[in-house]
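**Student:** Pasting the sequence and the predicted coordinates here, then a few questions.
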Amino acid sequence: MMDLLQTIQQAGQNLLGSAWLPIWTLVKIMLIVMPLMGAVAYLTLAERKVIGWMQIRIGPNRVGYFGLLQPLADGIKLLMKEIIVPTGSNKFLFVLAPIMALMPALAAWAVVPFNAEMVLSNANAGLLYILAITSLGVYGVIIAGWASNSKYAFLGSLRAAAQIVSYEIAMGFALVCVLMASQSLNLGDIVRGQQGHAGLLNWYIVPLFPMFLVYLISGVAETGRAPFDVAEGESEIVAGFHVEYSGMTFALFFLAEYANMILIAFLTSIMFLGGWLSPLPFLPDGIVWMLGKVSFVLFLFLWFRATFPRYRYDQLMRLGWKVFIPLSIVWVVVVGAWMQTPLWFW
Amino acid sequence: MENIKNFFKTFLLFELLKGMALTGRYMFARKITVQFPEEKTPQSFRFRGLHAQRRYANGEERCIGCKLCEAVCPALAIKIEVAEREDGTRRTTQYDIDLTKCIFCGFCEESCPVDAIVETRVFEYHGEKKLDLYYTKPMLLAVGDKYEEQIAKDRAADAKYR
């Protein structure tokens, strides 16, 4: 495998010279984005199936066996639909907003390691980059709400803005604990810091369990998933920020939401669940473990949606500011003190 | 004491886990979905679907044009014109039901003194043009002829409750 890659590299270098590097990078980007889009498509099917099962239904099963072609049918439908731009809207921003929402959801994948070798950019400040780029996602939502010139969309985007800002802080502090434990901002090094003879017990979820919960719940809030989906809250403000969107522009918001879900699942696996490391020391590490953990976290996302009713907005703010932020700050101090004692094994 | 208990219950996400256990159990429960075109739910003999006009066994239409159904119809979906036939009996020359107006309440069926207008069990019908759902007398009689066996059986089953 490595030999083959080397041969391709060499051949490309000889053929294209200095133009080879951007092309090779583009190829690698495609290799990440294409499976990601496929995963997004099938995550929508998985969501409908899982939620269906939990509501004693069977979910989509008409398009292809087991409903397996349903995402394709949905995609074609959305592509064919007309994109309606409201008369009173700001047309440039209206079209820009879904792009702004999708861009950070894809850009963040640049530093995500899939296993020990597979990473597009092994940046040293990977964690910082992730925090910075995922925060940009909210601009798409705000612009969408404002450009639509609709009160529901505007309310939705205001809610989204306040919510994401609040939960970003708790999320940031949870990650501060992780980087204290791993002494690194490089996502690959964070996973390597969880390597050890005890397998599962070496993962950061063990000393940082409260932070794992804070991170996971904030992650659900960040992506605007149930029970924190007040930004779209269809029973209160119709569909929130994307009321006025149709066809492919709506599909882009959809893609961004699900790509963000997968991203958060990957980050949770990397930070707390040992990334590509195997849970039992005698089993080999590999990308299989990574994908398994990601699937589990994604299943949790769907499980939450099938179980919990939507938070009221003030309760959501209370949870963010009065519970998560104090809790995570306290845990930063606890971890700091703990690391000074000989009882720190990680 | 109660406060401390609540504090730990909240922070250990006790209620949330309980809720998730419930939905998790239902994930493996037997599914109750009825897969419509292949499977169907049982119907009552009082099912109120598509309308039909019945005939007597000798082929004579039952309707005597009394207009009771037209009077009772809450949606004003029925339109009747009456004239005297050559043999001196009163018959309808026009009997239309606009199914886009009809609310399927079954009052017409109940008001009919001769069991002429009835609602059948048929509910899988459609119209592709606007007037496809405007049922005229020949259309209603045709429906009646087609499902007479089932209609008679349903009336017989319901008779003892009337």
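**Tutor:** In hand now; what should we look at?
**Student:** Can you list the buried residues in stretch A:327-334?
**Tutor:** Along stretch A:327-334, these residues count as buried under the neighbour rule (16 or more other C-beta atoms under 10 Å in any protein chain shown): A:Leu327, A:Ser328, A:Trp331, A:Val332. Using the backbone N, CA and C atoms, a C-beta is placed for each residue, glycine as well.
**Student:** of these, closest to A:Gly199?
**Tutor:** A:Trp331 (23.9 Å; C-beta to C-beta).
**Student:** Ranking helices and strands of the chain by mean pLDDT, which lands last?
**Tutor:** Went with chain A since none was named. One helix or strand of chain A scores below all others by mean pLDDT, DSSP states H and E: helix A:234-237, with a mean of 73.
**Student:** quick one on the thing from earlier: let's have the buried residues of stretch A:327-334 in TSV, adding secondary structure, pLDDT and distance to A:Val165.
**Tutor:** Shown next, in TSV, are the buried residues of stretch A:327-334 (DSSP: H, G, I helix; E, B strand; the rest coil; pLDDT from 0 to 100; distance: C-beta to C-beta, whole Å):
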residue	secondary structure	pLDDT	distance to A:Val165
A:Leu327	helix	87	18
A:Ser328	helix	89	15
A:Trp331	helix	88	21
A:Val332	helix	89	20
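**Student:** Which other helices and strands does the top helix by length along chain B contact?
**Tutor:** Criterion DSSP state H: the longest helix present in chain B is helix B:137-159. Where contact means 3 or more C-beta pairs under 8 Å, 6 or more residues apart in numbering or on different chains; DSSP states H and E, helix B:137-159 is packed against strand B:51-53, strand B:90-98, strand B:117-119.
**Student:** can the ones you listed go into JSON lines with extra columns for mean neighbour count, mean pLDDT and distance to chain A?
**Tutor:** Compiled in JSON lines, those are given as follows (neighbours: other C-beta atoms under 10 Å in any protein chain shown; pLDDT from 0 to 100; distance: least, C-beta to the nearest C-beta, whole Å):
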{"stretch": "strand B:51-53", "mean neighbour count": "24", "mean pLDDT": "92", "distance to chain A": "31"}
{"stretch": "strand B:90-98", "mean neighbour count": "18", "mean pLDDT": "91", "distance to chain A": "33"}
{"stretch": "strand B:117-119", "mean neighbour count": "23", "mean pLDDT": "92", "distance to chain A": "30"}
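**Student:** wait, which of the ones you listed is closest to A:Gln70?
**Tutor:** Ranking the helices and strands packed on helix B:137-159 by proximity to A:Gln70 (C-beta to C-beta) places strand B:117-119 first, at 36.6 Å.
**Student:** residue contacts, A:Ser246?
**Tutor:** Neighbouring residues of A:Ser246 by C-beta atoms under 8 Å, 6 or more residues apart in numbering or on different chains: A:Lys81, A:Glu82, A:Ile83, A:Ile84.
**Student:** Nearest to A:Leu179 among those residues?
**Tutor:** The closest of those, once distances to A:Leu179 are taken by C-beta to C-beta, is A:Ile83, at 42.5 Å.
**Student:** ok, that closest one to A:Ile143 distance?
**Tutor:** 16 Å (C-beta to C-beta, to the nearest Å).
**Student:** Between the two, which is the more surrounded one?
**Tutor:** A side-by-side neighbour count of A:Ile83 and A:Ile143, using other C-beta atoms under 10 Å in any protein chain shown, places A:Ile143 first with 22 against 12.
**Student:** which non-adjacent residue is nearest the more buried one?
**Tutor:** Spatial nearest neighbour of A:Ile143, chain neighbours left out: A:Ala97 (4.1 Å); criterion: C-beta to C-beta, 6 or more residues apart in numbering or on different chains.
**Student:** Now do the buried residues in whatever helix or strand that neighbour lives in.
**Tutor:** A:Ala97 belongs to helix A:91-107 when assigned by DSSP states H and E. Neighbour-count burial for helix A:91-107 flags A:Phe94, A:Leu96, A:Ala97, A:Pro98, A:Met100, A:Ala101, A:Leu102, A:Met103, A:Pro104, A:Ala105, A:Leu106, A:Ala107 (criterion: 16+ other C-beta under 10 Å).
**Student:** Send over that helix as CSV, restricted to the C-alpha atoms.
**Tutor:** In CSV, the C-alpha atoms belonging to helix A:91-107 read as follows (Å, rounded to 0.1, in the frame of the first residue of the first chain):
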residue,chain,number,x,y,z
LYS,A,91,-30.2,37.9,-2.5
PHE,A,92,-26.4,37.8,-2.2
LEU,A,93,-26.4,36.9,1.5
PHE,A,94,-29.3,34.6,1.0
VAL,A,95,-27.3,32.4,-1.3
LEU,A,96,-24.0,32.9,0.6
ALA,A,97,-25.4,31.7,3.9
PRO,A,98,-25.7,28.0,3.2
ILE,A,99,-22.2,28.0,1.7
MET,A,100,-21.0,29.8,4.9
ALA,A,101,-22.7,27.1,7.0
LEU,A,102,-21.2,24.2,5.0
MET,A,103,-17.7,25.6,4.6
PRO,A,104,-16.5,25.2,8.2
ALA,A,105,-18.2,21.9,8.6
LEU,A,106,-15.9,20.6,5.8
ALA,A,107,-12.8,22.7,6.5
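**Student:** what's that helix packed up against?
**Tutor:** So helix A:91-107, by 3+ C-beta pairs under 8 Å, 6+ apart, packs with helix A:126-135, helix A:137-147, helix A:247-271.
**Student:** Columns mean pLDDT and distance to A:Gln70 on top of the ones you listed, output as a markdown table?
**Tutor:** Compiled in a markdown table, the helices and strands packed on helix A:91-107 are given as follows (pLDDT from 0 to 100; distance: least, C-beta to C-beta, whole Å):
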| stretch | mean pLDDT | distance to A:Gln70 |
| --- | --- | --- |
| helix A:126-135 | 86 | 29 |
| helix A:137-147 | 86 | 26 |
| helix A:247-271 | 89 | 14 |
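**Student:** count of neighbours near A:Ala161?
**Tutor:** A:Ala161 - counted by other C-beta under 10 Å - has 17 other residues nearby.
**Student:** what kind of secondary structure is it in?
**Tutor:** Put simply, A:Ala161 is helix when judged by DSSP: H, G, I helix; E, B strand; the rest coil.
**Student:** Nearest spatial neighbour of it, chain-adjacent residues omitted?
**Tutor:** With C-beta to C-beta, 6+ apart as the criterion, A:Ala161 has its nearest non-adjacent residue at 5.3 Å, and that residue is A:Ile142.
**Student:** so the one you found makes contact with A:Arg159?
**Tutor:** No: using C-beta atoms under 8 Å, A:Ile142 is not in contact with A:Arg159; the gap is 10.5 Å.
**Student:** separation between the residue of the stretch 201-346 of chain A found nearest chain B and B:Gly24?
**Tutor:** Nearest residue of the stretch 201-346 of chain A to chain B (C-beta to the nearest C-beta) works out as A:Thr307 at 4.5 Å. Note on A:Thr307: its distance to B:Gly24, by C-beta to C-beta, is 8 Å.
**Student:** hang on, the earlier thing: Serialize the contacts of A:Ser246 to JSON lines and add fields for pLDDT.
**Tutor:** Converted to JSON lines, the contacts of A:Ser246 look like this (pLDDT from 0 to 100):
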{"residue": "A:Lys81", "pLDDT": "88"}
{"residue": "A:Glu82", "pLDDT": "86"}
{"residue": "A:Ile83", "pLDDT": "84"}
{"residue": "A:Ile84", "pLDDT": "84"}
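**Student:** Kind regards, and thank you for your time.
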